[in-house]
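Participant: model the structure of this input:
(3 chains)
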Amino acid sequence: MAENELNQNSLVYLDDIKKSFATNLVLKGVTLKLNPGEIVAIIGGNGAGKSTLMKILMGIYTPDSGDIYIDGEKSSLLSPSISLQKGIYYVPQEPMLFPNMTVEENVLIGMKGNRKELKHRLVELMKKLGWNISLSRTADTLSIAEQQLIEIVRGLLRDSKILILDEPTSSLTFKEIKSLFKIMRDLREQGIGMFYITHRLTEVFEISTHVVLLRDGKITSSGLVADFTKDMLIRGLLPEDIKSSIEKGDMVSGSSCDYSKDSVLELENLSGYGFKDISFKLYPGEILGIAGVVGAGRTELAEAIFGIGEIVSGRVLLNKEDITGYKTVDIVNKGLNYVPEDRHYNGIFSITDVVGNMTSCSLRNLSKFYTDHRKEKEIANKYIQDFRIKVTGHDQMMKSLSGGNQQKVVIARMLATMPRVLVLDEPTRGIDAAARADVYKIIDQLKKEGLAVLLISSDLEEIVELADRSLTMYNGIINGEFKKEHIDIDKLMAASFGVLDKEVI
Amino acid sequence: MKFFVNKFVKNREVTVVLFLLILFSLVGLKNPAFISPSNLMLTLKGSVMYIALAIGMAFVILTKEIDVSVGSILGMSAAVAATMLRNGRGLFSIIIVTLMVGIVSGLVNGIGVTKFKIPSIVMTLGTNGILRGLMFIYTGGKWVENLPDYFKQASQKNIFGSMNAFVFFTFIVMIVIHLYLTKARRGKYFAAVGDNLEGANLVGIKVNFMKILAFVLSGAFASIAGMVYVSQVGFVGNVAGNGAEMTAIASCVLGGVSLNGGLGSVLGATFGAIIMNSINTALVFLKVPAYWNNTISGLLLILIVSSDALISRYLVTSAIKQRLSVKTESNGDSRKEEIGGEINEQI
Amino acid sequence: MSRFKKLLRWEAALVVLLALQIVVFGMINPRFLRLNVLLYSVNDFVSISIISLFVTFVIITGGIDISVGSIIGLSSVVVGILWKMAGFNIFATIPVALLVGALSGAINGFLVAYVGVQAMVATLGTMLLYSGFSLVIMGISGSSAFEGISGMPLAFLNIANGNVFGIPNPFIIFAALIIISYILLHKTKYGRYVFLVGINKNAARYSGIDHKLVTLSTYILSGTSAALAGVILTSYLGSSRPDLGAELTLSIVTAVVLGGTLITGGSGGVIGTALASVIVGILRFGLQMAGISSQYISVGVGLLLIIAVAIKGLSLSNFPRLRKLLERAIRN
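Facilitator: Here you go, the predicted structure:
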């Protein structure tokens, strides 16, 4: 009875939403409410299910089960135009403007009504916001911050009652964020409800009324923001049995690295697009972790080292040899290899078999001109066995493997080139627990063999478990370095979110 | 610098008109007969068919697809129209039936591309072959001749003195369509679909519908071009329309309709079509042998497309770089606010 | 099912289709079934077959080459002009023609891989350009493009019209090229790179493969094969003409796609292409023998192309409402 009343008053009521993609259960029963005048911050790690949840609200995905109530009315959000009609507007993290249209056209497109009136309202709104962007500029001439502002204006102008803001401040300056927050407070007074997805914990306390912690497809805690402290939020983001799994320690040998040897990889003030002044040393037999949130610049750094991205200044030294700006194939030959972050886009050859995937990087070393299928099969079978890759045979198609097994194949591919340094970028993202354990064993074995491993990961548990040393990156710079004794999940988390207390390290 | 590059790419209509003026001036200097009013009108008359094709093609390219079947749609439409004329049918039914040829072809193309996910290159290559064969079967391999005079004379009729009627109507139609595409609410959806497919979906545009509509329009305009062909040429041979799609695509590209979708106008496409046609006649007046046609057209097309590709790639990569640089540069600001924020909290 | 098994199924279906074709045409006109008639019929479509073998490489990388028709004409013109006007020994013109084909392919590959122009459009432009070159060369030399150049020495004409132990030369050339292209694509590192680049350009890049160079090379292959076909066609007809092969492009693309190669790239093979090109070629030849004009073939070829691509890409997810209906029906 009371529940019905609550439902009728709320703008959005999501009831036990479940959603899976293929065999991957992304949302495991999410119940969420948004009332008029509320700003609900949604925080969660990478892969927690935030964007899937929002895309369901937006009409891009439909839930497998569970109900959606908009304004107390049960609704089927089958397409974006239906969601728009219901008053839901999504401001994407990456602006989705039309590059060749003017600001005015971008905002007004698809809106019904008198053109002049709409333009007038737009001008008034821009004035009120104090955002000085000429309406006749084309969207591709706008800076990213300006594009983001225009996305927000689009939502505001459409009289949406429900706004979803997906990391809206990631490219805004201090001043712009302040004026955005002022507008958001005005909107609150008008009864508009907002979902606010962010990684920035300080903002949560500054602007939101409620906070929801999403982890692994479930809400772990929620409530008024006033009832939380920063520490509680950080704790809430961590996985459950963390203490116990750290104490387990049986996966990792715990052998320590010999720091008296020469460094095998060294970066000197390396700067490029997305990272600045990066310097560190990596030693043989060491696992160096780099923690941080998505967008911190770690992948850009790794790709630049690997010859994929651009290096603006600074040096990369491999075994004391300067390999700055070398071509990828040369870097591989010199002994450094990289397991890409996005397995799907950059790692996998989906419509060929496991053998083809394993040997793509080392073909040139196997034979001169012809392919030696026998040798390739040998290599494939060796790694299938060593890494416990579950396949029906070496000729199974890559795309029918599970995520974990695919990842093992990609790692095997890079290892087949016998590198001295292996850079792993989110190696256990999106793979099941058993595969993850296997990957940790593999990494541990590499360490025993004297390989140096650069472990880029947003999974802080992983870094705690594996790393001898860890760096943290935030907004493109290194903002923390932790020795093994000091690697502590709370500190890593805090540093990743940019709230590192200075005294700690 | 980026500002000027942008301007050049965006206001291709201006550049294209300039190009046309320069072309005419240069050739006119060498041979003044080229720029005589009667020759100018002749050139425009000869461009009408290509303008119709280019306008239809522009719709498709704006949505980031391509249609290489318009040449055979033209041929088939011409064959149908001519045959009906020869059999003495009424003008109204001739126009309707001929348009249906293009509309149905476009519908087939559109459904194949959107519902069956066949790449538009392949789909329209296939329909191109099918229609070419169907046309042959329909005409029995024979030319369609002995057409009634009234239809053939329609293309020669002048209004307002020496203005050719077809030319006049073509420009009116072109202006109306241009205004629709650039000002009307639904008209902008075509460019939106090609500019950012996902973004268009997010703002509620029915993207599949727009693509199918684009192909239907392309087919319809090819049919109109077919009727113009019949009127101007007077008979329909077996190879009518062969290769016309190349000229249509070239006209669009020259006129600034970008193959990446979302950019360009029928205004530019029209001037592009006029350029393509004028090159042919210009060569005649310059006493350059006609066998230079293809080479010059091909070179022009390649140059334009290449610079299009290079420029847009440059713009995209510099946007990405900027996006990444903002993050590292904002470190100074956020540091200050972190300190300020924390102080406030402790208070 | 592994990729191999899927492809074998498709190729087996093609063999059946080919056999069916021969039987049907044989029933209409029994002369069709005579061995030497069948063998000699290859001459008719050998250009399509040869070129489609190497266009397969291009399409596997995710591209397409519609300028091959013009390269045929260009190579024919090069042969004729060098022989007639520049006094070359006619056999010496052949390597030059092949070089011209390779260069044309290199330009295509450069535009697609390095400049970044879409393959369809780049080769559309070069199609115009290369046919333009042919016309210009003919025009400047004073020869008529309509009449062409003829009167070549018998030895040259024998390339296409002669035979070895009763097997026509073009058939031998075709067979040899099938072997060469098969080895190149399926047995060498290079061929593997072609597939990898086509499956995932990015992953190839991260594996240290120079995807731009690999892509460029496939266009050089297709251009050279077009030039070779041009030489053979010139020998067959005894005439050097700029418009040779202009209408073959549709058949070539159809042969590749019908042969099981994905138009989106990454998967395919030369055996399928070879079989499909024979099917398409025999269709043409058989219709002629049955007294039907070969124009009708373009309807069938066009339909074949669309259906082949549609079947390969068909998936229920494109029809969401239909799928929901079926899911509901299955649950009940």
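
Participant: what about the stretch 151-300 of chain C, any weak spots by pLDDT?
Facilitator: Counting by pLDDT under 70, the ranges of the stretch 151-300 of chain C that qualify are C:293-295.

Participant: enumerate the residues of it near chain A.
Facilitator: Within the stretch 151-300 of chain C, the positions adjacent to chain A are C:187-189, C:191-193, C:195-196, C:199-200, C:202-210, C:266-267 by Cβ under 8 Å from any Cβ of the partner chain. All C-beta spots, glycine's among them, are computed from the backbone N, C-alpha and C.

Participant: buried ones among those?
Facilitator: Neighbour counting by 16 or more other Cβ atoms under 10 Å in any protein chain shown classes C:188-189, C:191-193, C:195-196, C:199-200, C:202-210, C:266-267 among these as buried.

Participant: so stretch A:388-406, near chain C or not?
Facilitator: Yes: contact of stretch A:388-406 with chain C (Cβ under 8 Å from any Cβ) involves A:393, A:395, A:396, A:397.

Participant: quick one, phi psi at residue A:13?
Facilitator: Main-chain dihedrals, residue A:13, degrees, to the nearest 10: phi -130, psi 110.

Participant: hmm, it is touching residue A:69, no?
Facilitator: Yes: counting by Cβ atoms under 8 Å, residue A:13 does reach residue A:69; the two are 4.0 Å apart.

Participant: who's more crowded, these two?
Facilitator: residue A:13 (24 against 17; other Cβ atoms under 10 Å in any protein chain shown).

Participant: any idea how far the more buried one lies from chain C?
Facilitator: Distance, residue A:13 to chain C, by Cβ to the nearest Cβ, to the nearest Å: 24 Å.

Participant: now residue A:31
Facilitator: In this view, residue A:31 and chain C are 25 Å apart by Cβ to the nearest Cβ.

Participant: mind checking the SS state of that residue?
Facilitator: What DSSP: H, G, I helix; E, B strand; the rest coil gives for residue A:31 is strand.

Participant: would you map the strands across the stretch 1-150 of chain C?
Facilitator: C:149-150 (DSSP state E, counting those that start in this stretch).

Participant: need the residues of it near chain B, please.
Facilitator: When proximity is defined as Cβ under 8 Å from any Cβ, the stretch 1-150 of chain C approaches chain B at C:64, C:111, C:115-118, C:120-122, C:124-133, C:135-136, C:138-139, C:145.

Participant: in helices, which of those residues fall?
Facilitator: Of the positions in these, C:120-122, C:124-133, C:135-136, C:138-139 sit in helices, assigned by DSSP state H.

Participant: what subset of these is buried?
Facilitator: Buried by 16+ other Cβ under 10 Å: C:120-122, C:124-133, C:135-136, C:138-139, out of those.

Participant: and for residue B:153, the neighbour number?
Facilitator: Residue B:153: 11 surrounding residues under other Cβ under 10 Å.

Participant: which SSE is it in?
Facilitator: Using DSSP states H and E, residue B:153 sits within helix B:149-154.

Participant: and for residue B:323?
Facilitator: Going by DSSP H and E, residue B:323 is part of helix B:293-329.

Participant: what's the model's confidence in that helix, averaged?
Facilitator: The average pLDDT for helix B:293-329 rounds to 82.

Participant: and it, what does it pack onto?
Facilitator: helix A:144-157, helix B:2-10, helix B:244-254, helix B:266-285, helix C:119-141 (3 or more Cβ pairs under 8 Å, 6 or more residues apart in numbering or on different chains; DSSP states H and E).

Participant: worst average pLDDT in the ones you listed?
Facilitator: Looking at those, the lowest mean pLDDT belongs to helix B:2-10 (a mean of 60).

Participant: following that one, which helix or strand shows up next?
Facilitator: helix B:12-30.

Participant: is there any residue in that next one that contacts chain A?
Facilitator: No: counting by Cβ under 8 Å from any Cβ, chain A has no neighbours in helix B:12-30; the shortest distance is 11.6 Å.

Participant: related to what we said a few turns ago, quick one: the helix holding residue B:323 to helix B:266-285, angle?
Facilitator: Relative orientation of helix B:293-329 and helix B:266-285, computed by axes from the mean of the first three to the mean of the last three Cα atoms, to 10 degrees: 140 degrees.

Participant: what about helix B:293-329, distance to the chain center?
Facilitator: 21 Å (Cα atoms, centre = their mean, to the nearest Å).

Participant: so what touches the helix or strand just after the helix holding residue B:153?
Facilitator: Remark: after helix B:149-154, the chain's next helix or strand is strand B:158-159, criterion DSSP H and E. With Cβ atoms under 8 Å, 6 or more residues apart in numbering or on different chains as the test, strand B:158-159 has contacts from B:164, B:165, B:168.

Participant: out of the residues you listed, which one sits closest to chain C?
Facilitator: Distances from chain C to these, taken as Cβ to the nearest Cβ, are shortest for residue B:164 (28.5 Å).

Participant: show the pLDDT at that closest one.
Facilitator: The model reports residue B:164 with a pLDDT of 84.

Participant: need phi/psi at it.
Facilitator: phi -70, psi 130.

Participant: still on that earlier bit, filter the residues of the stretch 151-300 of chain C next to chain A down to just the ones in strands.
Facilitator: Among those, none falls in strands (DSSP state E).

Participant: these: which ones sit near chain B?
Facilitator: The subset of those within reach of chain B, by Cβ under 8 Å from any Cβ, is empty.
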